[in-house]
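# Structure of the sequence below:
(2 chains)
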Amino acid sequence: MSIFTSMGQAEARRRADQLAASLAGMGVPCKVEPRAALAVLMVESGVAQRLADGELRRAALALAREQGFTHLAVELTPPAAGADAALPRP
Amino acid sequence: MSRSAAVELEGQATEKEEALSSWLRARGRVAIGFSGGVDSAYLAVVARRTLGADNVLAIIGRSASYPAEQWATARRVADAFDVRVLELDTDEMNDPRYAANPANRCYFCKSELWGKLVPAAADRGFSTLIDGTNADDVGGYRPGMQAARENAVASPLAEVGLTKAEIRARSRALGLPTWQQPASPCLSSRVPYGTSVTPERLRRIELAERAVRDLGITGDMRVRYHDDVARVELAPGELASWLDSPRAEALRAAVAAAGFSRVALDLRGFRSGSLNVLHGVTPA
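Take a look at the predicted model:
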């Protein structure tokens, strides 16, 4: 079973925040939304395309795995929506 | 693949195809669970060539989880190779055990499918029912295979050891349009276990995948359903180019138009059985 099936929301959130901090450290500033073992990255305009770099992408996937996420996806946001729309609402 | 490896693969596949023809001749008449996918299309064509038109019946089970595009391919192959077809409606969507989408969902789907196909075949004089399970399928997590066993459905491709790569090679040699078609399991495989399967959700997934194909993406691809989020898995070789701004926006808009408010691109790319991994049913 996925470790997330037995994990509380607080622990999932903690892991997501840790992943976000690690990704920011390698040049991918983002918020991470945990959905069980899936981590969805919410990024500002222009950040998603940095992940076209294979090495960076592999590093991001490795960081996600370290936090127990089996899947990592980046949200695609409409350009007209502006940077703030890519971030979670308060 | 090098030329010598391709020649070796073709040689092995041809030998196994001869074993398949022998297997079929020993049965005399066969009905086939026919989806129009790579495996069942190949099986139907070999059976037709080996046994003749009157001794082969390809049966399509139609429901909301069966993509319309796949149905069109099935009909195209059957017409081109003179394979007789019977179509039946299956009703797995109305089985609450299926709709609840447990990890063994495929068992309930296949129980419904074979439960309809076996008597339909018998009514038409076909006592042997076969499916397109191949040698690569045998080791994976496939609860649907249990339903096939319970209904005495045989899997000759697996029995003679034909792998997916060999089936593709022989399909190409036989002129089947499916030889390089990506694998296309039922639409419910895009919905995480525990999230109910409904015709409306499957319709959205089907529309989204068609929209992605319309962008020119030809390799393995899935749109996975995560409530408001559609998570798109592209073949690893295609993934990077769709992260660039203009194409990323085209992808987002295409999938959003199918009825998803948020669209995300998976950073590992397509993997078969992705949702089994997500739920820890199979290892990452």
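
# Skip the chain neighbours and tell me the closest residue to B:Leu86.
Once flanking residues are discounted, B:Leu86 sits nearest to B:Ile59: 4.8 Å by Cβ to Cβ, 6 or more residues apart in numbering or on different chains. Any C-beta I mention is one placed from the backbone N, CA and C, and that applies to glycine too.

# quick one: the one you found and B:Ala183, what's the gap?
Separation of B:Ile59 from B:Ala183 (Cβ to Cβ, to the nearest Å): 21 Å.

# ok, the two, which is more surrounded?
The neighbour count for B:Ile59 versus B:Ala183, taken as other Cβ atoms under 10 Å in any protein chain shown, is higher for B:Ile59 (22 against 12).

# Enumerate the residues of chain A near chain B.
Counting by Cβ under 8 Å from any Cβ of the partner chain, chain A comes close to chain B at A:1-3, A:5, A:35-38, A:40-41, A:46, A:48-49, A:51-54, A:57, A:60-61, A:65, A:70-79.

# quick one: low-confidence ranges for the stretch 101-250 of chain B?
The stretch 101-250 of chain B contains no residues with pLDDT under 70.

# likewise chain A?
A:1-7, A:80-90.

# Just the CA coordinates for the longest helix seen in it, please, in CSV.
Longest helix of chain A, by residue count under DSSP state H: helix A:9-25. What follows is helix A:9-25, C-alpha atoms only, in CSV (Å, rounded to 0.1, in the frame of the first residue of the first chain):
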residue,chain,number,x,y,z
GLN,A,9,-3.1,15.2,6.3
ALA,A,10,-0.6,17.1,8.5
GLU,A,11,2.1,14.7,7.6
ALA,A,12,1.3,14.8,3.9
ARG,A,13,1.3,18.6,4.1
ARG,A,14,4.7,18.5,5.9
ARG,A,15,6.2,16.3,3.2
ALA,A,16,4.7,18.6,0.5
ASP,A,17,6.2,21.6,2.1
GLN,A,18,9.6,19.9,2.3
LEU,A,19,9.4,19.0,-1.3
ALA,A,20,8.5,22.6,-2.2
ALA,A,21,11.5,23.9,-0.3
SER,A,22,13.9,21.4,-2.0
LEU,A,23,12.5,22.3,-5.4
ALA,A,24,12.9,26.0,-4.7
GLY,A,25,16.5,25.4,-3.8
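
# Give me the helices and strands touching it, please.
Using 3 or more Cβ pairs under 8 Å, 6 or more residues apart in numbering or on different chains; DSSP states H and E, the elements in contact with helix A:9-25 are strand A:31-35, strand A:38-42, helix A:54-66.

# Let me see the residues that make contact with the helix or strand that the last one is followed by.
Translated: helix A:54-66. Downstream of helix A:54-66, the first helix or strand assigned by DSSP states H and E is strand A:71-76. Here strand A:71-76 makes contact (Cβ atoms under 8 Å, 6 or more residues apart in numbering or on different chains) with A:30, A:37-43, A:48, A:51, A:60-61, A:64, A:86, B:229, B:231, B:243, B:248-249, B:251-252, B:262-268, B:274, B:277-278.

# Hey, what's the angle from strand A:71-76 to helix A:9-25? Just curious.
Here strand A:71-76 points in a direction 70 degrees away from that of helix A:9-25 (axes from the mean of the first three to the mean of the last three Cα atoms, to 10 degrees).

# Just the CA coordinates for strand A:71-76, please, in PDB.
Output in PDB follows, covering the C-alpha atoms of strand A:71-76 (Å, rounded to 0.1, in the frame of the first residue of the first chain):
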ATOM      1  CA  HIS A  71       3.900  10.800  -9.000                       C
ATOM      2  CA  LEU A  72       4.900  14.300  -9.700                       C
ATOM      3  CA  ALA A  73       3.000  16.600 -12.100                       C
ATOM      4  CA  VAL A  74       3.200  20.300 -12.900                       C
ATOM      5  CA  GLU A  75       0.000  22.300 -13.300                       C
ATOM      6  CA  LEU A  76      -0.300  24.100 -16.600                       C
END
